[in-house]
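Engineer: Please work out how this folds:
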Amino acid sequence: MFGLAVLVVMGLYLLISIVAVRAAVIHARKQGRRAWVWGLVTAVVMYNLVFWDWLPTVATHQYYCATEAGFWTYKTVDQWKQENPGVMETLPAPGAAGSPTKHEEFDDRHGRTDTYLLNERFSWVVIQQDISSLLPIIRTEHQIKDTRKNEVLARYIDFGSGNSVKNPIGPPGPLKFWLHSSDCDGGDANYGKFLLFKRLFEVTK
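Structural biologist: Next comes the predicted model:
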């Protein structure tokens, strides 16, 4: 139902834009001015009233995806076991997934950090932050940490667009559906690698 309403609104806006361009062309001809210039300027104005942030959002999202997104392993479970002999076998099995054990907000609520304890030694940390107050792009970072040493063992970074951390249900939100991108190209595969890594530290050996 919402999708149909959006299509109706977009159709009405397109109709209004066409009428505005025609009116500008007619007015320009009456005034002896260049009709195509007036028509073009009006079309650009009508476009930018709604779509001004489309190209900047897409370009910025692709830039961050190309330069920062990915999955990195800094220490494997076998390497960790070698450095901490006998410890893994003593860790209790993880409990049922639930709410984060720690929630923090920062940057005037444009960022948040949620920490989930996997067991008494390892934690899963999720950090989300708006990269800009102007463009709706969210940077998301997942970490597996050795909480005792405060050491990051693996990291997954991705970027989504079309919403914000501070106001997730506000505009642009679903109103500007053309801005929405849940992740970078290859983001699902990288997240899958991260989840596989996380499970290694959830299972007692």
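
Engineer: Can you give me the neighbour number for residue 49?
Structural biologist: Applying other CB atoms under 10 Å, we find 10 other residues in the vicinity of residue 49. No exception for glycine: its C-beta is placed from N, CA and C like everyone else's.

Engineer: try residue 22
Structural biologist: Neighbourhood size, residue 22 [other CB under 10 Å]: 12.

Engineer: just the one 4 residues further on next, same as before
Structural biologist: The burial metric for residue 26, expressed as a neighbour count using other CB under 10 Å, is 13.

Engineer: got the contact list for it?
Structural biologist: Listed by CB atoms under 8 Å, 6 or more residues apart in numbering, the contact set of residue 26 reads residue 35.

Engineer: Could you check the pLDDT of it?
Structural biologist: Looking at residue 26, its pLDDT is 79.

Engineer: Which SSE is immediately downstream of the helix or strand hosting it?
Structural biologist: Using DSSP states H and E, residue 26 maps to helix 2-30. As assigned by DSSP H and E, the chain's next helix or strand after helix 2-30 is helix 35-51.

Engineer: Tell me what angle the helix or strand that that following helix is followed by forms with helix 35-51.
Structural biologist: With elements assigned by DSSP H and E, the helix or strand that comes after helix 35-51 is helix 54-67. Relative orientation of helix 54-67 versus helix 35-51 (axes from the mean of the first three to the mean of the last three CA atoms, to 10 degrees): 50 degrees.

Engineer: What are the contacting residues of helix 54-67?
Structural biologist: 131-132, 135-137, 139, 158-159, 161-162, 178-179, 181, 184-185, 187.

Engineer: gap between residue 131 and residue 114?
Structural biologist: 18 Å (CB to CB, to the nearest Å).

Engineer: wait, residue 133
Structural biologist: When residue 133 is compared with residue 114 (using CB to CB), they lie 22 Å apart.

Engineer: So if I had to pick from these two, which one is more boxed in?
Structural biologist: residue 114 (15 against 11).

Engineer: any low-confidence regions in this protein?
Structural biologist: 1-11, 13, 38, 93-99, 169-174, 203-205 (pLDDT under 70).

Engineer: what residues go with each domain of it?
Structural biologist: The chain is divided into the following domains under automatic domain parsing: 1-52, 53-202.

Engineer: Please list the members of the contacts of helix 54-67 that lie in strands.
Structural biologist: 137, 139, 158, 159, 161 (DSSP state E).

Engineer: what would those look like in CSV with neighbour count and distance to residue 119?
Structural biologist: Below are the ones in strands among the contacts of helix 54-67 laid out as CSV (neighbours: other CB atoms under 10 Å; distance: CB to CB, whole Å):
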residue, neighbour count, distance to residue 119
137, 25, 34
139, 18, 28
158, 24, 25
159, 22, 30
161, 26, 35
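
Engineer: Make a markdown table out of those and add distance to residue 100.
Structural biologist: Shown next, in a markdown table, are those (distance: CB to CB, whole Å):
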| residue | distance to residue 100 |
| --- | --- |
| 137 | 23 |
| 139 | 18 |
| 158 | 19 |
| 159 | 22 |
| 161 | 24 |
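
Engineer: Among those residues, which one sits closest to residue 47?
Structural biologist: Lowest distance from residue 47 to those (CB to CB) belongs to residue 161, with 19.3 Å.
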